[in-house]
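Visitor: Show me how the following folds:
(one chain, ligands or ions: 1)
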Amino acid sequence: MSKSFQHLIDLNDYPIPWWNKIIKLGHDIKNNPHKYSDVCKGKIMATLFYEPSTRTQMSFQTAMIRLGGNIIGFDNPTSSSVFKGESLKDTTKVISSYSDVLVIRHPSEGAAKAASLTSDCPVINAGDGGHLHPTQTLTDLLTLVEEKGRLHNLVVGLCGDLKNGRTVHSLCKALSCYPNNQFVLISTEDLKLPAYVKDVLTVNNCKFTEVLSLDEAISELDVLYMTRIQKERFPSIEEYLAEKNTYILDRKKMLNAPRDMIVLHPLPRVEEITVEVDDDERALYFKQAEYGVYIRMALIDTILKSKKGLQNLVGQTYLGVSCSNQRCITNSEHYLPKSFSGIGDIVECEYCDERVLLK
Ligand code: NCD
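Guide: Residues are numbered from 1 along each chain as shown. Take a look at the predicted model:
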């Protein structure tokens, strides 16, 4: 039986006041960094990055160093025992006994949840496949507070790969919890937002529209959240090429955008925003990346101080039923207990949120 820690797997596992507390702390850290320079003295953060990363990994490391703590970890699984075939369970078990907090990025959906089951310290999800990315969302929320002054009454356009973009999924789920936010979902037919995220918007009474044209939508937005087409999540290069370059934000399109609209992007940018847009004062994606350090400082400090834990798996196992999402961690790490929540014939995998039909 694993111990119970304050893991961060999905922001929606926590109440909104918890998010707001971290955002407020992030704001204070931004303005008074010296106050926090040794709050994590003697603590160790491990970063287990099974997928490429620049900002997330380095902003976590910078955050821990700025809090006075130390870092260990890998960013290239081929140079660790993972390459020899070590399971996620064993890596997590051992590294969590070396560290006080574990930050994990993995190509399989539900991997952070799986890691939390055996970890001897808190686990933070730094991106699990095309599923969720809660710390990017905390970054986005801090950016909105700092730059728009609010997290409610916003018309947010999300553009690009809404199907595979984990930052989009986490952000929609979070912003739908604040009053009067509306979403304009700008994507091609094949890259629409997954049904389980749209259901969250509906349950939270959030208006949303799905449109094809960025040109038509841009004039009504408070925030435009551009995303990269997630090449690595496509089954074939042909399918990726068919989607690539559908949406490109350029200076001409910015002419139709409101003067106070802001442009965000989790980065890395490939070709979906032309370089000339960088000089537009509404382009805030580099500032957004900087806010990522303050919010991660706030998160690490909060999690390391917390005494209260979260429950691990709360769903049910059904004899002979496995998750139908091939990218779910339970389909590659077979020792993991399957777990489904909900009632009726359709249940949800507790690791990756995939809907599964009970036969
Ligand atoms: C994003 C990610 O990894 O999901 N990047 C990030 O963490 N800042 C977005 C992306 O890779 O497109």
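
Visitor: what number of residues lie near the nearest residue to Asn245 once chain neighbours are set aside?
Guide: Leaving out its chain neighbours, the residue that sits closest to Asn245 by Cβ to Cβ, 6 or more residues apart in numbering is Glu271, at 6.0 Å. Every residue, glycine included, has its C-beta placed from N, CA and C. Close neighbours of Glu271, defined as other Cβ atoms under 10 Å, add up to 12.

Visitor: I'd like to know how far Glu271 sits from His169.
Guide: 22 Å (Cβ to Cβ, to the nearest Å).

Visitor: The protein against the ligand: which residues are in contact?
Guide: Arg55, Thr56, Gly127, His133, Gln136, Arg166, Thr167, Arg228, Pro266, Leu267, Pro268 (Cβ under 6 Å from any ligand atom).

Visitor: And those, which of them are buried?
Guide: When neighbours are counted using 16 or more other Cβ atoms under 10 Å, the residues of the chain next to the ligand contain these buried positions: Arg55, Thr56, Gly127, His133, Gln136, Arg166, Thr167, Arg228, Pro266, Leu267.

Visitor: which of those lies closest to Asn20?
Guide: Gln136 (17.5 Å; Cβ to Cβ).

Visitor: Quickly find the element holding the closest one.
Guide: Per DSSP states H and E: Gln136 is located in helix 134-148.

Visitor: and that helix, what does it pack onto?
Guide: helix 16-31, helix 55-66, strand 123-128, helix 166-175, strand 223-226, strand 262-264, helix 285-305 (3 or more Cβ pairs under 8 Å, 6 or more residues apart in numbering; DSSP states H and E).

Visitor: Please work out which of these is packed deepest.
Guide: strand 123-128 (a mean of 28; mean count of other Cβ atoms under 10 Å).

Visitor: Which neighbouring elements make contact with that strand?
Guide: Packed next to strand 123-128, using 3+ Cβ pairs under 8 Å, 6+ apart, are helix 55-66, strand 101-106, helix 111-118, helix 134-148, helix 285-305.

Visitor: try 10 Å
Guide: strand 44-49, helix 55-66, strand 101-106, helix 111-118, helix 134-148, helix 166-175, helix 285-305 (3 or more Cβ pairs under 10 Å, 6 or more residues apart in numbering; DSSP states H and E).

Visitor: Now do the same for stretch 44-62: mean pLDDT, whole number.
Guide: In this model, stretch 44-62 has an average pLDDT of 95.

Visitor: Alpha carbons of that stretch, as CSV, please.
Guide: Output of stretch 44-62 as CSV, limited to C-alpha atoms (Å, rounded to 0.1, in the frame of the first residue of the first chain):
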residue,chain,number,x,y,z
ILE,A,44,16.0,17.2,-3.3
MET,A,45,13.8,17.3,-6.3
ALA,A,46,14.2,14.5,-8.9
THR,A,47,13.1,15.1,-12.5
LEU,A,48,12.3,12.0,-14.5
PHE,A,49,11.9,13.1,-18.1
TYR,A,50,11.0,10.2,-20.4
GLU,A,51,10.1,12.8,-23.2
PRO,A,52,11.9,15.8,-24.5
SER,A,53,11.5,19.1,-22.7
THR,A,54,13.2,22.4,-22.5
ARG,A,55,11.0,24.8,-20.5
THR,A,56,9.2,22.5,-18.2
GLN,A,57,12.3,20.7,-17.0
MET,A,58,14.5,23.7,-16.8
SER,A,59,11.9,25.9,-15.1
PHE,A,60,11.3,23.1,-12.5
GLN,A,61,15.1,22.9,-11.9
THR,A,62,15.5,26.7,-11.8
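
Visitor: what's the offset of it from the middle of its chain?
Guide: Distance, stretch centre to chain centre, for stretch 44-62: 13 Å (Cα atoms, centre = their mean, to the nearest Å).

Visitor: cool, and stretch 91-104?
Guide: Centre to centre, stretch against its chain (Cα atoms, centre = their mean), the figure for stretch 91-104 is 20 Å.

Visitor: Give the buried residues for it.
Guide: By neighbour count with 16+ other Cβ under 10 Å, stretch 91-104 contains the buried residues Thr91, Thr92, Ile95, Ser96, Ser99, Asp100, Val101, Leu102, Val103, Ile104.

Visitor: Report the mean per-residue pLDDT for stretch 206-222.
Guide: For stretch 206-222, the mean per-residue pLDDT is 97.

Visitor: Show me what counts as buried in it.
Guide: In stretch 206-222, counting by 16+ other Cβ under 10 Å, buried: Cys206, Phe208, Leu214, Ala217, Ile218, Leu221, Asp222.

Visitor: Closest one to the ligand out of the residues you listed, please.
Guide: Nearest to the ligand among those: Leu214, at 17.3 Å, using Cβ to the nearest ligand atom.
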